[in-house]
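1. need coordinates for the following:
(one chain, ligands or ions: 2)
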Amino acid sequence: MIAVKHLGKRYGEVIAIDDVSFTVDKGEVLAFLGPNGAGKTTTMRILTCFMPATSGTALISGYDIFEDPMEIKRRIGYLPETPPLYPEMTVTEYLSFVAKIKGLSKSDQTTGLALSLEKTGLGDVSNRLIGNLSKGYRQRVGLAQALIHNPDVLILDEPTVGLDPRQIIEIRELIKGLAGEHTIILSTHILPEATAVSQKVVIINRGRIVAVDSQEQLSSHVRKSEKIALRLRRGGAETPQKLNAIEGVLRVTPQSVSGDSESSYLVESNLGEDIREQLSKTVVESGWGLLEMKPLVLSLEEVFLQLTTEEQGVAEATPENKTQLAQ
Ligand SMILES: Nc1ncnc2c1ncn2[C@@H]1O[C@H](COP(=O)(O)OP(=O)(O)OP(=O)(O)O)[C@@H](O)[C@H]1O
Ligand SMILES: [Mg+2]
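-> Ligands and ions are numbered 1, 2, ... in the order given. Predicted coordinates for the structure are as follows:
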């Protein structure tokens, strides 16, 4: 549906994005995740044909951004970082105005208005002035203007920025409801947002893609071994040695536990090797009393920090910037 191929953009000396490539399947939601200045808006502006790329290209529904910008604009709805809303217009007046300037026929204007009001849940406030709406509702109007021509693709630049937690959830739900019928790319610097709404995550940092994958695969991308947390009722002195003898086990590290009757271990094995069956067999046969066996997966936040800090060897993941990135 969308194929981005080696996109590059320079502003004079500044390289805003460099060799950006990824694909999005029909009906999928892709989260474009990166810190400030990573190149998210630049990429989105190129895809919506608001700005030309310096190198590379992109195909949307088979149309090329350089060769067929008109066809592309017809198929894309764009919610910019700051939606161009007119506070002195009512919701209906504004959406009708957008439908007209997008060149829709009279009947398409009418159906487009009804459909976009319905999809964004704006029916009840359609006659209110935009300037009097809450920020969350104004963002819905931004989404409605992107939807007015019923585009196949929606490009949403930080759609939940500046909203309160309840409004964030509402907008995310709305976006999830639009997936399937529409193919969606949304940008965010909020890590939980990427997992909450998307099937696929592209992490961009300083203009370059550092990872493209599902959350699970992203975490295997940066981990060096498989890790299993093991909790036993009656582990003994011989336990680490016996666990270590299991084929594929690299390391067994005893963990501190609060209760004195239980014991806990971190068991590491080769990447891609599943030792759970053998591990549970050993535990049961030894009569240690299996309480818990849990594969440890890096959270997206940990993956993101590793990918965006490791490459340049910049800023270690301190508790402060970790919280900052999570917000
Ligand atoms: N018009 C411009 N002229 C010069 N440099 C620019 C221009 N627009 C963007 N840049 C630079 O390009 C880089 C990417 O910017 P971009 O706005 O695409 O990032 P972003 O990921 O959207 O960031 P944010 O999260 O802050 O919105 C930044 O280094 C930015 O300073
Ligand atoms: Mg931006």
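2. kindly provide the distance from Gln199 to ligand 2.
-> Distance, Gln199 to ligand 2, by Cβ to the ion, to the nearest Å: 22 Å. (Each C-beta comes from the backbone N, C-alpha and C, glycine too.)
3. Ile60 too?
-> The value you get for Ile60 to ligand 2, if Cβ to the ion is used, is 20 Å.
4. with Lys26 instead?
-> 26 Å.
5. with Ser286 instead?
-> Counting by Cβ to the ion, the gap between Ser286 and ligand 2 amounts to 56 Å.
6. which parts of the protein sit against ligand 2?
-> With the criterion set to Cβ under 5 Å from the ion, the chain comes near ligand 2 through 40-41.
7. how about low-confidence regions in the chain?
-> For the chain, residues meeting the criterion pLDDT under 70 lie at 214-223, 258-260, 298-301, 308-327.
8. where exactly do the strands run in it?
-> Counting by DSSP state E, one finds strands in the chain at the ranges 2-11, 14-24, 29-33, 55-60, 63-64, 76-79, 153-157, 183-188, 200-205, 208-213, 226-232, 249-255, 263-269, 290-295.
9. just put those strands in CSV and tack on distance to ligand 1 and mean neighbour count.
-> Supplementary listing: the strands of the chain in CSV, determined by distance: least, Cβ to the nearest ligand atom, whole Å; neighbours: other Cβ atoms under 10 Å:
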stretch, distance to ligand 1, mean neighbour count
strand 2-11, 3, 18
strand 14-24, 3, 18
strand 29-33, 8, 26
strand 55-60, 15, 19
strand 63-64, 22, 17
strand 76-79, 13, 23
strand 153-157, 7, 24
strand 183-188, 7, 25
strand 200-205, 7, 24
strand 208-213, 11, 19
strand 226-232, 32, 20
strand 249-255, 38, 15
strand 263-269, 36, 20
strand 290-295, 33, 13
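10. now these in JSON lines, with distance to Lys119?
-> Compiled in JSON lines, the strands of the chain are given as follows (distance: least, Cβ to Cβ, whole Å):
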{"stretch": "strand 2-11", "distance to Lys119": "21"}
{"stretch": "strand 14-24", "distance to Lys119": "20"}
{"stretch": "strand 29-33", "distance to Lys119": "15"}
{"stretch": "strand 55-60", "distance to Lys119": "21"}
{"stretch": "strand 63-64", "distance to Lys119": "24"}
{"stretch": "strand 76-79", "distance to Lys119": "11"}
{"stretch": "strand 153-157", "distance to Lys119": "11"}
{"stretch": "strand 183-188", "distance to Lys119": "13"}
{"stretch": "strand 200-205", "distance to Lys119": "23"}
{"stretch": "strand 208-213", "distance to Lys119": "29"}
{"stretch": "strand 226-232", "distance to Lys119": "43"}
{"stretch": "strand 249-255", "distance to Lys119": "49"}
{"stretch": "strand 263-269", "distance to Lys119": "48"}
{"stretch": "strand 290-295", "distance to Lys119": "39"}
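11. for Gly142, which of the ones you listed is the nearest?
-> Across the strands of the chain, Gly142 has its closest neighbour in strand 76-79 (5.0 Å, Cβ to Cβ).
12. residues in contact with the closest one?
-> Residues external to strand 76-79 that are found in contact with it (Cβ atoms under 8 Å, 6 or more residues apart in numbering): 44, 47-50, 60, 142-143, 145-149, 151-157, 159, 182.
13. residues contacting the closest residue to ligand 2 within the chain?
-> Here the residue of the chain nearest ligand 2 is Thr41; by Cβ to the ion that distance is 3.1 Å. The neighbours of Thr41, taking Cβ under 8 Å, 6+ apart as the test, are 81, 157, 187.
14. how about a cut-off of 10 Å?
-> Thr41 is in contact with 16, 32, 50-51, 80-81, 157-158, 187, counting by Cβ atoms under 10 Å, 6 or more residues apart in numbering.
15. once you drop chain neighbours, what's closest to Ser256?
-> Distance criterion Cβ to Cβ, 6 or more residues apart in numbering; nearest residue to Ser256, sequence neighbours excluded, is Ser264 at 7.6 Å.
16. what is the end-to-end distance of stretch 71-89?
-> According to Cα to Cα, to the nearest Å, stretch 71-89 extends 29 Å from its N-terminal end residue to its C-terminal end residue.
17. from Pro159, how far out is the residue of the chain closest to ligand 2?
-> Applying Cβ to Cβ, to the nearest Å, the value for Thr41 to Pro159 is 13 Å.
18. tell me how many other residues crowd the closest residue to Gln199 other than its chain neighbours.
-> For Gln199, the nearest residue in space outside its immediate sequence neighbours is Glu28; the separation is 5.4 Å by Cβ to Cβ, 6+ apart. The burial count assigned to Glu28 is 18, neighbours taken as other Cβ atoms under 10 Å.
19. mind listing what Glu28 touches?
-> If you count contacts by Cβ under 10 Å, 6+ apart, Glu28 has them with 1-2, 179-180, 182-185, 198-200.
20. now render those residues as TSV, adding distance to Phe97.
-> What follows is the contacts of Glu28, written out as TSV (distance: Cβ to Cβ, whole Å):
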residue	distance to Phe97
Met1	29
Ile2	28
Ala179	27
Gly180	29
His182	22
Thr183	26
Ile184	24
Ile185	26
Ser198	32
Gln199	34
Lys200	35
